[in-house]
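In: any chance you could fold what I've pasted below:
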Amino acid sequence: MHGLMQTTPLTTNMIFRRAETYWSTRRIATRTAVGIEHMTVAELATEARRVAGALDSLGLAADARVGSFAWNTARHLALYFAVPGTGHILHTVNIRYYPEQIVYSVNHAEDEALFVDRSLAPLLGRMLPRLPTVRHVIVMDDGAKADIPDDTRIVHYEELVGSSVEVDFVDSVTDEDRAGALCYTTGTSGSPKGVLYSHRSIWLHSNAGLSAFTSRITDADNVLPVVPMFHAMAWGLPYTAMSAGASITMPGPDLSPAGLLNLIASERVTYSAGVPTIWMGMLPLLGDYDVSSLQRVMCGGSAVPRSLSEGWRKAIGVPITQGWGMTETSPVASMSTLRSEFAGATADELAEVRATAGIALAGLEMRIADTDTGELLPWDDKSTGEVQVRGPWVARQYFRTDGPGEQFTEDGWLRTGDVGAISPLGYLRLVDRTKDLVKSGGEWISSVEIENLIMGHPKVAEAAVIAVPHPKWMERPLACIVVRPGEELDRDEVLSFLREHLSRWQVPDDVVFIDEIPKTSVGKFSKRTLRERFADHRLPTTE
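Out: Numbering: from 1, shown residues only. Okay, here's the model as predicted:
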């Protein structure tokens, strides 16, 4: 027997309608090349309807992929609603991909139209001749003086959208399983893979973000998504913030530490989210800006060093909260919110909890399995294995593939590639990525654990640990370190510091000092680049 409830589809249009109905006066700020622009949610809704009218005039296929090649702006936010809201699929193209990856993802998606910020037009222009499926390129003027490519497909946003009629699209999508957005992820190797989100998955993920055990965003907040809108839908923050009625502050292209701190101070931001490298860069400057409005800082993308979270807490009284997920999980899957069991805990105990990736969001299930045998492991905070998840906003296969493939288990769980342990209270402690573990003499060494310790050293700005070949032990850890400006640090000091915290066999065999840790397209440490760079590094222990 089925229940007798209505079957109203869960869509992005529900979020759009709610925002316009209840939160029409909330403000959206965008920093452009010429200053900060403000609009209300009501004005954004009008803009989205004009975009919908423009899309109708282009003669796109019913399920056309429409790409965005843009920074975090109010116009990009309008695309977040207008494109999926009209039944099309928004493909947020990662502007930080290598050119070959951009070309591959646009061609694989078969984008029919591309919206591009003028500041990014020259970058896209070099690839346009290799994008045969793209029939329309709409240039959005963001105040930059960049040249516009000479291509017959180009039309100006102001001309196209400004002259279009408003289209009321809120009832356009009647099937909640209809595809709404497409994001590509580079993974560990090969070409980028497409993750195709449904309206239902977007709605459920956004709703989960409103939980008191997740972001706790309300209409009293002003949300600054530092995480790019071209990466995993900005972690769902645009949809969550609009549903909650929060004001939104968009940083545009200026993601410098000083630029972000200025924006937090001037717009009175209360909540922000980004990757660890963003917060590392801002930490030394916190005392120079009025960030008293800031109440919560969320960090994800890679494991958050305890020293970073505690550094923020000591500087402004606001620790960094760690979240975890991946493009395949929409992407937020867990959040390190404090359970009631930690009421009255010491500062040190709380810091340890905040250093974990937290508890799975309501709606998702999580487990860990032995990386070799697949055997499920207990939640004892000691047993480590691959983290696996399933739930209504987790991918079941990749776009344009014949089936789930090797990244999914036979019983349908996503194999995340992350290695971790889960405590009896459900807190996930990330140990490493499977590809980043160091296999030394038959024992696994966590590169993340060593990195977090090194970044706790007062003279260290950044650190990454990789495996390098060893003739006896197969692999040994190598520490790659960036020293803070004005400081001096040598190999012996680093190794002596680590010997105080690690077993002898876990201590790296060598230390190299570099100017910068290379980053991926989304700001994570690119250990693959480091492994290639130091593939022939000769460890002193090989003598």
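In: so the protein: which segments form each domain?
Out: Per automatic domain parsing, the structural domains of the chain span 9-202, 438-542.
In: out of those domains, deepest packed?
Out: domain 9-202 (a mean of 19; mean count of other C-beta atoms under 10 Å). C-betas here are computed from N, CA, C, even on glycine.
In: so how far is that one from its chain's centroid?
Out: The gap between where domain 9-202 is centred and where its chain is centred comes out at 18 Å by C-alpha atoms, centre = their mean, to the nearest Å.
In: quick one: distance of the helix or strand harbouring residue 451 to the chain centre.
Out: Assigned by DSSP states H and E, residue 451 falls within helix 447-454. With C-alpha atoms, centre = their mean as the basis, helix 447-454 stands 21 Å off its chain's centre.
In: helices and strands around it, which ones?
Out: Judged by 3 or more C-beta pairs under 8 Å, 6 or more residues apart in numbering; DSSP states H and E, helix 447-454 is in contact with strand 428-433, strand 460-470, strand 474-483, helix 491-499.
In: what about the residue nearest to residue 306 when sequence neighbours are not counted, distance to residue 347?
Out: Excluding its sequence neighbours, the residue lying closest to residue 306 (C-beta to C-beta, 6 or more residues apart in numbering) is residue 355, at 4.2 Å. Residue 355 is 13 Å from residue 347, where distance means C-beta to C-beta, to the nearest Å.
In: these two - which one has more neighbours?
Out: Neighbours were counted for residue 355 and for residue 347 using other C-beta atoms under 10 Å; residue 355 has more, 23 against 10.
In: hang on, that one packs against residue 324?
Out: No. Between residue 355 and residue 324 there is no contact under C-beta atoms under 8 Å: 11.9 Å.
In: just the C-alphas of the helix or strand residue 108 falls within, formatted as CSV.
Out: In this assignment (DSSP H and E), residue 108 forms part of helix 99-109. C-alpha atoms of helix 99-109 as CSV (Å, rounded to 0.1, in the frame of the first residue of the first chain):
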residue,chain,number,x,y,z
PRO,A,99,43.1,23.8,-22.1
GLU,A,100,42.9,20.1,-23.2
GLN,A,101,40.6,19.3,-20.3
ILE,A,102,38.3,22.3,-21.0
VAL,A,103,38.1,21.3,-24.7
TYR,A,104,37.4,17.7,-23.8
SER,A,105,34.7,18.5,-21.2
VAL,A,106,32.8,21.0,-23.5
ASN,A,107,33.0,18.6,-26.4
HIS,A,108,32.0,15.5,-24.3
ALA,A,109,29.0,17.5,-22.9
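In: just the mean pLDDT for it, thanks.
Out: Per-region confidence: helix 99-109 scores 95 on mean pLDDT.
In: so where is the protein shaky, pLDDT-wise?
Out: In the predicted model, the chain carries pLDDT under 70 at residues 187-190, 442-443, 543.
In: contacting residues around residue 453?
Out: 497-498, 501-502 (C-beta atoms under 8 Å, 6 or more residues apart in numbering).
In: at 7 Å what do you get?
Out: Taking C-beta atoms under 7 Å, 6 or more residues apart in numbering, we find residue 453 in contact with 498, 501.
In: please tell me how far it sits from residue 479.
Out: In terms of C-beta to C-beta, residue 453 sits 10 Å off from residue 479.
In: restricting to C-alpha, output the helix holding residue 451 in CSV.
Out: The C-alpha trace of helix 447-454 is given here as CSV (Å, rounded to 0.1, in the frame of the first residue of the first chain):
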residue,chain,number,x,y,z
SER,A,447,50.8,11.5,4.2
VAL,A,448,48.0,13.6,5.6
GLU,A,449,49.0,12.9,9.2
ILE,A,450,52.6,14.0,8.5
GLU,A,451,51.5,17.1,6.6
ASN,A,452,49.3,18.2,9.4
LEU,A,453,52.1,17.9,11.9
ILE,A,454,54.5,19.8,9.7
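In: give me the contacts around the lengthiest helix in the chain.
Out: In the chain, taking DSSP state H as the definition, the longest helix is helix 41-57. Contacts with helix 41-57, where a contact means C-beta under 7 Å, 6+ apart, come from 19-20, 23-24, 26, 28, 66, 74, 77-79, 81-82, 85-86, 88, 160-161, 164-169.
In: following that helix, which helix or strand shows up next?
Out: Downstream of helix 41-57, the next assigned helix or strand under DSSP H and E is strand 65-69.
In: and that next one, what does it pack onto?
Out: helix 74-85, strand 89-92, strand 111-117 (3 or more C-beta pairs under 7 Å, 6 or more residues apart in numbering; DSSP states H and E).
In: and the second one, which strands flank it?
Out: It refers to strand 89-92. The pairing partners recorded for strand 89-92 under DSSP bridges are strand 65-69 (parallel), strand 179-185 (parallel).
In: next, format those strands as CSV and append distance to residue 135.
Out: Output for the strands paired with strand 89-92, formatted as CSV (distance: least, C-beta to C-beta, whole Å):
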stretch, distance to residue 135
strand 65-69, 11
strand 179-185, 18
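In: noted, bye for now.
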